[in-house]
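Undergrad: kindly return the folded structure for what I paste below:
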Amino acid sequence: MHIAGTLSNVQIGGIAGQDLTANLQQDIEQDSAKKLLTQAEVVGLIQQWVDVLNQASLAPVTAEKAIKHLEVAAEEARAQEPDKSFAAKNLQRATALLRSANETLHEGTGLWQKIDPILTKLSPWLGVAAGFF
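TA: Down below sits the predicted model:
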């Protein structure tokens, strides 16, 4: 009999179980590392976000503030040893500005449909959950 499925946080008893757990953990970590973005890809995604904002009908002051936070995050992403936490906080500030602006604008849905995939791709590189934003 063959059973297919996904194991998540499953502990299997015995010595064989320990080997299986170690191998599963290693495979998961290797898969995550393979999917990690390069610094150039991160900068490119942040630039896509800037492009979205430049095309949106946001108040100029809001767009400028958000873009400044994005530029700081992109600059940090270009660093030899980027402080991902610092970059994430700047992206979070840009997101907060946009959420606040979208409460007064009715463009929010279209804007978030464009930004959400960018955030989803950036989250693993930053080491944060997508809900962080």
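
Undergrad: name the residues of the helix or strand Lys89 falls within that are buried.
TA: Taking DSSP states H and E as the criterion, Lys89 maps to helix 84-104. For helix 84-104, a neighbour-count test (16 or more other CB atoms under 10 Å) marks 84, 86-95, 97-98, 101-102 as buried. Yep, even glycine has a C-beta here, placed from its N, CA and C like the rest.

Undergrad: low-confidence ranges in the protein?
TA: Applying pLDDT under 70 to the chain picks out residues 1-35, 102-109.

Undergrad: quick one, helices of it?
TA: 14-35, 39-55, 60-78, 84-104, 108-126 (DSSP state H).

Undergrad: would you format those as TSV with distance to Phe133 included?
TA: Below are the helices of the chain laid out as TSV (distance: least, CB to CB, whole Å):
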stretch	distance to Phe133
helix 14-35	19
helix 39-55	11
helix 60-78	12
helix 84-104	4
helix 108-126	5
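
Undergrad: and the buried residues of helix 84-104, which is closest to Gly110?
TA: Among the buried residues of helix 84-104, Asn102 lies closest to Gly110 (CB to CB), at 10.0 Å.

Undergrad: hmm, Trp49 and Leu70 touching each other?
TA: Yes: using CB atoms under 8 Å, Leu70 is in contact with Trp49, at 5.7 Å.

Undergrad: which residues do the two both contact?
TA: Counting by CB atoms under 8 Å, 6 or more residues apart in numbering, the contacts common to Leu70 and Trp49 are Ala94.

Undergrad: more crowded one of those two?
TA: Using other CB atoms under 10 Å, the more surrounded residue of Leu70 and Trp49 is Trp49, with 24 against 21.

Undergrad: separation between that one and Gln80?
TA: Taking CB to CB, to the nearest Å as the measure, Trp49 falls 23 Å from Gln80.
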